[in-house]
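**Q** Give me a model of this one.
(2 chains)
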Amino acid sequence: MRAVPAGQKRIKHLRLPEFTDAKSYWDPIQNVEVVRILAGEYYVTHCEEMITTVLGSCISVCIRDKAINIGGMNHFMLPEENRSNGDDSPRRLTADAAYGSYAMERLINCILKYGGRRENLEIKIFGGGRIIGGMTDIGQQNIAFVRSYLRTERLAVLAEDVGGDLPRRMAYLPVSGKVLVKKLRNIRSETIIKQENVYREDLRRSSSQGGDVELFGDFG
Amino acid sequence: MANILVVDDSASMRQMVEFTLKEAGHQVTVAEDGQAALAIAKGGLTSDLVITDVNMPNMDGITLIRELRSLPAYKFTPILTLTTESTTEKKMEGKDAGATGWIVKPFNPEKLLATVNKVLG
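**A** Residues are numbered from 1 along each chain as shown, chains lettered A, B, ... in the order given. From the prediction side, this is the model:
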């Protein structure tokens, strides 16, 4: 077994203030600090770190400023709230898209906050697999959302690996922009499906609530 | 029906908020950052309500609120922020600048309309 590297190789203390608490481990084979994100999370770094996640029908968007080498990745899906009971009113669809936009905006805003510029953003999209049989292709809905969002924002996609019927394990190195994707043929999809279902239930609850509202004054 | 000025650097957010407000019968003017919104306001547009993002290029939402409050036509206009920022420090900064309320994204259309109706009275 290889020893944990000397303190100076680990760079957790250099992280952006938003992410100082993020859990990570040292990968002695890749020789890099690894941060694993789950559904609903995102991570941005300017350090030589690797961000990893496992995607079923969810989407991960990798974004970096290629001029100053800061970037990150998110992991999300749309709530597709109530569509199963037929409510596809524009207002309901707006609530779904509002959540997706929020997941995208959090990531982009964080990169811009630390000096990134929109014109330097390099974007890659992954995931959106059809790993659950059924009438609706949730993965495809997620892919369609991301494409439409980026088109509206006039942000170009440099590379993508989306759709298909296998889950993906992926890793992103924001400083270099390198992405590693592995299609998971031998994993039991049930675990991923279960995790994504729990996440979707959470999303449905939170998207029907929306973010907090605070009024500064007396509005009866 | 009210005249509402919506300020956000994200084109998709502008579209969604505009759609939600127009569907409820409001008139909407959009601006892509604080600077553009201030130019519109100084150009003579009066509004019953302003909804602004906080993190934007050229001029952020907090600066926009301060600038708008110095214009006679916007001294008492309700101004809501609609932002991913949710820290108490940012909220207090917004309140001190003259914000009427703080809405954290993701926005929910019904909740946004309920808040709009509340501040319009």
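**Q** Helix or strand with the lowest mean pLDDT in chain A?
**A** helix A:189-209 (a mean of 84; mean pLDDT, DSSP states H and E).
**Q** Please name the nearest non-neighbouring residue to residue 68.
**A** Reading this off chain A. Spatial nearest neighbour of A:Ile68, chain neighbours left out: A:Gly115 (5.6 Å); criterion: Cβ to Cβ, 6 or more residues apart in numbering or on different chains. For the C-beta atoms, the positions are set from N, CA and C on the backbone; glycine is no exception.
**Q** actually chain B
**A** Closest to B:Leu68 by Cβ to Cβ, 6+ apart is B:Tyr74, at 4.0 Å.
**Q** Now do the same contact list for that neighbour.
**A** Taking Cβ atoms under 8 Å, 6 or more residues apart in numbering or on different chains, we find B:Tyr74 in contact with B:41, B:47, B:50, B:68.
**Q** So what's the residue count around A:Asp65?
**A** 21 (other Cβ atoms under 10 Å in any protein chain shown).
**Q** residues touching it, list them.
**A** Contact analysis of A:Asp65 by Cβ under 8 Å, 6+ apart lists A:71, A:111, A:115-117, A:120-122.
**Q** Return the member of those nearest to chain B.
**A** Distance to chain B, by Cβ to the nearest Cβ, is smallest for A:Arg117 among the contacts of A:Asp65, at 8.5 Å.
**Q** Tell me what the nearest residue to the closest one once chain neighbours are set aside is bridged to.
**A** Excluding its sequence neighbours, the residue lying closest to A:Arg117 (Cβ to Cβ, 6+ apart) is A:Asp65, at 6.4 Å. Beta bridges link A:Asp65 to A:Ile70, A:Leu121, judged by DSSP bridges.
**Q** quick one: pLDDT of the residue of chain B found nearest chain A?
**A** Residue of chain B nearest chain A, by Cβ to the nearest Cβ: B:Asn108 (2.7 Å). pLDDT recorded at B:Asn108 is 91.
**Q** Each with direction, which strands does the helix or strand following the least confident helix or strand of chain A pair with?
**A** Along the chain past helix A:189-209, the next helix or strand (assigned with DSSP states H and E) turns out to be strand A:213-215. Neighbouring strands of strand A:213-215 in its sheet, by DSSP bridges, are strand B:101-104 (antiparallel).
**Q** What lies in contact with the strand it pairs with?
**A** Strand B:101-104 is contacted from outside by A:211-217, B:51, B:78, B:80-86, B:91, B:94-95, B:111-112, B:115, B:119, using Cβ under 8 Å, 6+ apart.
**Q** can you do 10 Å?
**A** A:102, A:210-217, A:219, B:51, B:54, B:78-86, B:90-92, B:94-95, B:111-112, B:115-116, B:118-119 (Cβ atoms under 10 Å, 6 or more residues apart in numbering or on different chains).
**Q** Drop anything exposed from these.
**A** Neighbour counting with 16 or more other Cβ atoms under 10 Å in any protein chain shown marks A:102, A:210-211, A:213-215, B:51, B:54, B:78-85, B:90-91, B:94-95, B:111-112, B:115-116, B:118-119 as buried within these.
**Q** quick one: which of these sit in helices?
**A** A:102, B:90-91, B:94-95, B:111-112, B:115-116, B:118-119 (DSSP state H).
**Q** can I get the residues you listed in JSON lines with distance to A:Leu78 and pLDDT?
**A** Formatted as JSON lines, those follow (distance: Cβ to Cβ, whole Å; pLDDT from 0 to 100):
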{"residue": "A:Tyr102", "distance to A:Leu78": "11", "pLDDT": "94"}
{"residue": "B:Lys90", "distance to A:Leu78": "27", "pLDDT": "95"}
{"residue": "B:Lys91", "distance to A:Leu78": "28", "pLDDT": "96"}
{"residue": "B:Gly94", "distance to A:Leu78": "29", "pLDDT": "97"}
{"residue": "B:Lys95", "distance to A:Leu78": "33", "pLDDT": "97"}
{"residue": "B:Lys111", "distance to A:Leu78": "18", "pLDDT": "93"}
{"residue": "B:Leu112", "distance to A:Leu78": "18", "pLDDT": "95"}
{"residue": "B:Thr115", "distance to A:Leu78": "23", "pLDDT": "96"}
{"residue": "B:Val116", "distance to A:Leu78": "24", "pLDDT": "97"}
{"residue": "B:Lys118", "distance to A:Leu78": "28", "pLDDT": "95"}
{"residue": "B:Val119", "distance to A:Leu78": "29", "pLDDT": "96"}
